[in-house]
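Asker: need a 3D model of the sequence below.
(chains A and B)
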Amino acid sequence: MSEVIVVTSGKGGVGKTTSSANVGTGLAKLDQKVVLIDTDIGLRNLDVVMGLENRIVYNLVDVVEGNCRIKQALIKDKRYPNLYLLPSAQTRDKTSVTPEQMKKLTDELREEFDYIILDCPAGIEQGFKNAIAGADRALIVTTPEVSAIRDADRIIGLLEANSMKKIDLIVNRLRPDMVKRGDMMSIDDVVDILAINLIGAVPDDEAIVISTNQGEPLVGSDTLAGKAYMNICHRILGEEVPLMDFSTENGLFAKIANLFKKN
Amino acid sequence: MNIMDFFRKKNSSDVAKDRLKLVLVSDRANCSPEVMEMIKNDIIKVISKYLEVDAEGLDIQITQTDIDGSKGIPALYANIPIKKLKQTSE
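Answerer: Below is the predicted model:
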């Protein structure tokens, strides 16, 4: 049975597109047939994060307006046999698509794919309404900051009002060192405030910047963020994976230093 | 609780958490200050029938309950100072 997942946050710049790219790629690595849809019309970005920007011919608006068939607009990611991208339009605006059209599109894609991942634009206007229209479940991305959490809370309220069946939380850009000295809210603090199910936490990792530079999602690689995103993919598939302990990955020197600090 | 905690300044993550909790309660309640003022006036009107209350000192706010595990349910708290108990003439 296929599932339509919307990745949303309310606030911009917290990692929706990065999370969409990594979750989509991760699920494809786990042998699921995945299509990623960039629903941010006018501010297209998922294509560059995925490294597929040079292969766009048709886009989401072309499909919705009937200028091409869905198959023609889907870009096949050559690195993975099961991964496709439907890019957004760069020269149009959010009002070019309606929630009804998005629902129809996702329903058609259900026949072909196991997972349909929608990268939602920031904000709570038309673009958000379009993105959530056909979704079965939502992944809320937030960072441990007051502004991001406040917006996430608002988004959760709106999703519940729209009777979204399943809502899970990704806490992104966690800095274990700052949490430890009490200068950043912990995963537990964020979960406590937002009161929804946590599906994973991703540490602030330089490797993310590098992977975005290269246009290659790092999910599954031997980096903290790569492992964290892979864990999230396993949990989406319903597997039980324990939360990573970021603090233990400090290396030998930090461990020795910690021994002395405790006294 | 560690004895050192008494001397330590409240750290910034706790400040953030407390501020967020307060702001989210009013966000979630979706109650404008005008509506709160109307509720307040009506409460005074009703209570004044039976008690002499200090309208100036009256304070109402929407907060979260924290009673035996039922945490998170919004509740309207009203703090109404009573000036004088009216004598009921039966």
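
Asker: check contacts around the residue in the stretch 101-250 of chain A that chain B sits nearest to.
Answerer: Nearest residue of the stretch 101-250 of chain A to chain B, counting by C-beta to the nearest C-beta: A:Gly182, 3.1 Å away. Using the backbone N, CA and C atoms, a C-beta is placed for each residue, glycine as well. Neighbouring residues of A:Gly182 by C-beta atoms under 8 Å, 6 or more residues apart in numbering or on different chains: B:11-14.

Asker: so where is chain B shaky, pLDDT-wise?
Answerer: For chain B, residues meeting the criterion pLDDT under 70 lie at B:1-9, B:64-72, B:86-90.

Asker: which residues in it form helices?
Answerer: With helices called from DSSP state H, chain B shows them at B:12-29, B:33-48.

Asker: in the first one, what counts as buried?
Answerer: What that stands for is helix B:12-29. Neighbour-count burial for helix B:12-29 flags B:13, B:16-17, B:20, B:24-26, B:28-29 (criterion: 16 or more other C-beta atoms under 10 Å in any protein chain shown).

Asker: against which helices or strands is it packed?
Answerer: If you count contacts as 3 or more C-beta pairs under 8 Å, 6 or more residues apart in numbering or on different chains; DSSP states H and E, helix B:12-29 packs onto helix A:146-161, helix A:187-194, strand B:59-64, strand B:74-79.

Asker: the first one near chain B at all?
Answerer: Yep, that's helix A:146-161 we're talking about. Yes. Helix A:146-161 is in contact with chain B by C-beta under 8 Å from any C-beta of the partner chain, via A:146, A:149-150, A:153-154, A:157.

Asker: in PyMOL, select just the buried ones from these.
Answerer: Burial among the residues of helix A:146-161 next to chain B is assessed by 16+ other C-beta under 10 Å; the matching PyMOL selection reads:
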select buried, chain A and resi 146+149+150+153+154
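
Asker: now stretch A:236-248: mean pLDDT?
Answerer: Regarding stretch A:236-248, the rounded mean pLDDT is 87.

Asker: grab the CA positions of it and hand them over as CSV.
Answerer: C-alpha atoms of stretch A:236-248 as CSV (Å, rounded to 0.1, in the frame of the first residue of the first chain):
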residue,chain,number,x,y,z
ILE,A,236,8.9,5.2,8.4
LEU,A,237,8.8,1.6,7.2
GLY,A,238,7.6,0.6,10.7
GLU,A,239,10.8,-0.8,12.1
GLU,A,240,11.8,-0.1,15.7
VAL,A,241,15.2,1.6,15.8
PRO,A,242,16.6,3.1,19.0
LEU,A,243,17.5,6.8,19.1
MET,A,244,21.1,7.5,18.4
ASP,A,245,23.2,8.8,21.3
PHE,A,246,25.1,11.7,19.7
SER,A,247,27.1,12.4,22.8
THR,A,248,29.1,9.1,22.6
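
Asker: close to chain B, is that stretch?
Answerer: No. Residues of stretch A:236-248 are not located near chain B by C-beta under 8 Å from any C-beta, the shortest gap being 15.5 Å.

Asker: list the buried residues in that stretch.
Answerer: For stretch A:236-248, the neighbour count (16+ other C-beta under 10 Å) marks A:236-237, A:244, A:246 as buried.

Asker: pick out the residue of chain B closest to chain A.
Answerer: Taking C-beta to the nearest C-beta as the measure, chain B has B:Asn11 as its residue closest to chain A, at 3.1 Å.
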